[in-house]
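Asks: Here is my input, please return the structure:
(one chain, ligands or ions: 1)
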Amino acid sequence: MTITQLFKKILPFTKPYKNLIAYTLLLTLVGSFAAQVNAFILKYTVDTISELLVDNQPLSQGFYLLGIIAAVLLGKEILYAAVQFGQKFYGEKLRIEIARDFSQAIIEKILTYRMAFFTSPENESGKLQTRIDAGISSLTRLVQNFFIDILPLFSNAIVALICMFLANFYVGLVGLLLVPVYFYVSQRQASRLSGFRRSMRKYRENKSNQIINLIESILVIKSFGREKIEAERHQKIQYDMTENQMATRKTSYLFESVKSFIEQIGVVLVIMLTAYFVLNEQMSLGAIMFHILLFNNVSAPIRQLHRIYDEVNDALIYSEGFFSILEEEEQREPTGTYRPHKIKGLIEIRNVDFHYPNGLQALKNVSMVVQPNQNTALVGLSGAGKSTVINLLDKFYSPTKGQILLDGVDLADYDTAYLREHVGLVLQKNHIFKGSIAENIRYGKTDASMNEIKVAAKKAYIHEQILDLPNGYDSDAHLLSGGQQQRIAIARLFLKDPPIIFLDEPTANLDAIATEQIKNSLDAIKTGRTVIIVSHSISQIIDAEHIVVMEKGQVVEDGTHEDLYPNHSVYHRIFTAMANSLNIEKITRSMQKQ
Ligand code: ADP
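Replies: Residues are numbered from 1 along each chain as shown. All right, here's what the predicted structure looks like:
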């Protein structure tokens, strides 16, 4: 990205703050003129005092002069202080408000992105978070510094250069010549540093991702006693980062010395040139101080040039990541426009292939028909592709090849939001949000009344247990057990009341008692809807009116339990394994003894 492109991208975000920017610019201009006052006053002072000395004027004249100088300098300082306050305050205000807008814009944007964006290896949560944070902070720092540092300093430099030229063409020329030399050196510095910065960005993203993974897997790490190995793994990235940082500093300091040397050459040239003109009686004595101060006003911002380059470069590198997230239009969730009056629930999957963003092929030539108002169970070993089918049916991903029809219409043609309004999903572990139980159930229908919430909770067989809690429906939802949380998820679905429901191993995380308790709620939500259930529970599989058996991404069998079991094929094998794992013989014996 170039600086112009960067500014073009930032521009729309600064639009709402036009007035604020105009005030800051006005203050900058006033500040630049005020900054030159010292040079003029010093020249005036030196010249007047030398005249007074030459003319042998009485001391009283001198006091009069001092009074004027003091009044002007004081007045200027008061004005300058006010200007600086305004600049800093408005600059900060701009930074805070624009940072807020950047954050909001990116959150609103990524919420519209398809699932593939979130599951792509490039966007693991730690990496994504760092990219967003670093992007926002470098961009906002740039916006703020542009108004607080860059603009005032450069406008000071330009006004000082004009004053130098007006006073003497040659001295002005020395000041002017310094600018391109400095620009050249700073640019070389910046281009040498940008490689380091880019690797630094990758290191930072990987580091936060590693920390998040570490915290998430702490239980496994501890149980295997792998603390030392994990610490060593982390150390590698730390060392790489340190090396990179040191290389950055070395380059920076080297260039700093070169620049400082160039600046000093400028100072010497100005002194020599002005002294020559003074000796030649073309200038007054005061001109020496005058030119040195003006030159200082020119070189001060240029001395800061590398910092500004640094910041712009930071912004260029970090905002690349930020804007690449903000502008991933192709990641926008695809949607059609079809919004039928009613969805019946006839699902036809035809010769579907599917690859995940990492390239893994999860489905191969999958075809199946799911009848409306029937319970269909997807059966297969772990990794067979059952959840992937549900992901495709929910339009979280689109098939790589083949077609999915709902009531005879291609799923791609459906308005995605409308489709999801008519589809309910219960997962192995449903997310319970921070907040009360009532709020969590209401997530199914945001305008639901308290009465509707209670009816839904009753249907999900959880109402009584909620009432037993000290604060009833206002209790913190995180207090609920796993089984209760699943029923909250089912209550949400009762509120939403969709004609199609996908249950993806809804009881896998629950113990036997909780599974037994949740059975009533599941049976209740299943009736009168098109249901696809992925389950390893024998009872839930036998209950299904239609069973589709999957193996290694393919459908291998299809029918009822009675059709499939005698085939002695994949279903028979899985079913027998499930039954054996229950140790039915011993269970039956134990139960008979009683
Ligand atoms: P099942 O539900 O039958 O256990 P899945 O549909 O979850 O199987 O997985 C099918 C295959 O796809 C597996 O090999 C799994 O590792 C892979 N897979 C699942 N989710 C993703 C993902 N987000 N990215 C890449 N591969 C995935």
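
Asks: before we move on, what SS does residue 284 have?
Replies: Here residue 284 is recorded as coil under DSSP: H, G, I helix; E, B strand; the rest coil.

Asks: residues near it, how many?
Replies: By the criterion of other Cβ atoms under 10 Å, residue 284 has 17 neighbours. Any C-beta I mention is one placed from the backbone N, CA and C, and that applies to glycine too.

Asks: Next, the closest residue to it other than its chain neighbours: phi, psi?
Replies: Spatial nearest neighbour of residue 284, excluding adjacent residues (Cβ to Cβ, 6 or more residues apart in numbering): residue 47 at 4.7 Å. Backbone torsions of residue 47, given as degrees, to the nearest 10, read phi -60, psi -50.

Asks: Surely residue 47 and residue 285 touch.
Replies: Yes. Counting by Cβ atoms under 8 Å, residue 47 does reach residue 285; the two are 6.6 Å apart.

Asks: re earlier: quick one, what contacts the residue nearest to residue 284?
Replies: 284-286 (Cβ atoms under 8 Å, 6 or more residues apart in numbering).

Asks: For residue 208, state which of those is nearest.
Replies: Closest approach to residue 208 among these (Cβ to Cβ): residue 286, at 58.2 Å.

Asks: Quick check, pLDDT for that closest one.
Replies: Residue 286 carries a pLDDT score of 86 in this model.

Asks: Residue 440 reaches residue 490, doesn't it?
Replies: No. Using Cβ under 8 Å, residue 440 is not in contact with residue 490, being 11.8 Å away.

Asks: Those two - which one has more neighbours?
Replies: With neighbours defined as other Cβ under 10 Å, residue 440 and residue 490 compare such that residue 490 has more, 29 against 25.

Asks: For residue 124, give me its contacts.
Replies: So residue 124 contacts residue 209 (Cβ under 8 Å, 6+ apart).

Asks: and the gap between it and residue 398?
Replies: Noted for residue 124: a distance of 22 Å to residue 398, by Cβ to Cβ, to the nearest Å.

Asks: List the contacts of the spatially closest residue to residue 123 that is not a sequence neighbour.
Replies: Distances taken as Cβ to Cβ, 6+ apart put residue 117 closest to residue 123, at 6.0 Å, once the chain neighbours are dropped. Contact analysis of residue 117 by Cβ under 8 Å, 6+ apart lists 110, 123, 328, 331.

Asks: swap in residue 397?
Replies: Residue 397 makes contacts with 114-116, 354, 356, 388, 391, as judged by Cβ under 8 Å, 6+ apart.

Asks: which stretches of the stretch 1-150 of the chain have low pLDDT?
Replies: Per-residue confidence for the stretch 1-150 of the chain (pLDDT under 70) gives these ranges: 58.

Asks: What parts of it come near the ligand?
Replies: By the rule Cβ under 6 Å from any ligand atom, the part of the stretch 1-150 of the chain lying against the ligand is residue 119.

Asks: The stretch 1-150 of the chain: helices as residue ranges?
Replies: 3-14, 18-54, 59-111, 115-119, 125-145 (DSSP state H, counting those that start in this stretch).

Asks: Tell me the helix or strand right after whichever strand or helix holds residue 323.
Replies: Secondary structure assigned from DSSP states H and E places residue 323 in helix 305-326. Counting by DSSP H and E, the next helix or strand C-terminal to helix 305-326 is strand 347-355.
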